[in-house]
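Chemist: Any chance you could fold what I've pasted below:
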Amino acid sequence: MTANSDAVANQPPALSRREGLALWRQIARHLEAEIAGGALSPGDRLPTEAVLSARHGVNRHTVRRALDSLAARGLLRIEQGRGSFVAEDVLDYPLGPRTRFSEVIRAQNREPEGRVLSAQEVRADSATAEALRIPPGQPVLAVERLGLADNRPVVLGRHHFALPRFAALPEALAGHGSVTRALVALGVADYRRAWTRLTARLPTAEEAGLLQQSVNRPVMIAEALSEDMEGRPIDYTMSRYAAGRVQILVGGLGAEPA
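Modeler: Alright, predicted model coming up:
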């Protein structure tokens, strides 16, 4: 089955308005049956809300509620500005002392990509200052980076690096692409994760847009500190993972901060 599949619409089921079952639930059940039966394959894009509304003889709000219910159950992913797609297989993302994004993605036969969205000097808030062991308000380099697998966003990371030690990091990132290679270029041959704290919450509208997911679907949060091999803090990161595309495997993360 290809994107923009017409399978769900060639023979749309007649909706009953007398059985007491909400119209949106009937539409959701039909779409779920199409997915389970293979008429819609992972990655297929569904017809637009307008098309589904016309075919079922309902308003767009009714269709949207059906799609949102399937997205909440992980059967669909809704990408803002692009439409609704049948969910693909979930990516395993192991977190360990030496987790490297590119290695994790390539190990699952997918193509990694890292896009630096911004790099700017900011004042360290209390959490950043405590992690990097610097006074609150001291300047740090904040780098916002989007990690993709096969051109699909999977993680949005906000990295914080101490200054002036990593003042040249933006140029190194532009030349090397990955954080690991950029750090090597700046003399950090190796580093490890000192601790990780995992939580979850709903994304902001901006985060949902960058991760191409619904604002109603949670993101997994990994707050972490990486240190060089001498125990000096280098990178305090707040990563937001698209929960519908990633499942985190935990092992050997080190102790959480006191």
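Chemist: Give me the domain ranges for the chain.
Modeler: If you go by automatic domain parsing, the domain ranges for the chain are 7-86, 91-250.
Chemist: Quick one: end-to-end distance for stretch 17-27.
Modeler: From the first residue to the last, stretch 17-27 extends over 12 Å; the measure is CA to CA, to the nearest Å.
Chemist: now what about stretch 121-131, what contacts it?
Modeler: With contacts defined as CB atoms under 8 Å, 6 or more residues apart in numbering, stretch 121-131 is touched by 132, 134-142, 160, 163, 223, 225, 233, 236, 257. (Glycine included, C-beta is placed from N, CA and C.)
Chemist: Of the residues you listed, which belong to strands?
Modeler: Among those, the ones falling in strands (DSSP state E) are Pro139, Val140, Leu141, Ala142, His160, Glu223, Leu225, Pro233, Tyr236.
Chemist: Let me see the contact set for the nearest residue to the fifth one once chain neighbours are set aside.
Modeler: The spatial neighbour of His160 that comes closest, neighbours along the chain excluded (CB to CB, 6 or more residues apart in numbering), is Tyr236 at 4.4 Å. Tyr236 makes contacts with Ala127, Thr128, Ala131, Leu132, His159, His160, Ala224, Leu225, Ser226, as judged by CB under 8 Å, 6+ apart.
Chemist: again, 6 Å this time
Modeler: For Tyr236, the contact set (CB atoms under 6 Å, 6 or more residues apart in numbering) comprises Thr128, Ala131, Leu132, His160, Leu225.
Chemist: how many other residues sit next to the nearest residue to the third one once chain neighbours are set aside?
Modeler: Taking CB to CB, 6+ apart as the measure, Leu132 lies nearest to Pro233, with 4.6 Å between them; neighbours along the chain are not counted. Other residues near Pro233 come to 20 when the count uses other CB atoms under 10 Å.
Chemist: residues in contact with Pro233?
Modeler: If you count contacts by CB under 6 Å, 6+ apart, Pro233 has them with Leu132, Arg133, Leu225, Glu227.
Chemist: Let me have these in TSV, extended by pLDDT.
Modeler: Listed next are the contacts of Pro233 as TSV, based on pLDDT from 0 to 100:
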residue	pLDDT
Leu132	98
Arg133	97
Leu225	97
Glu227	97
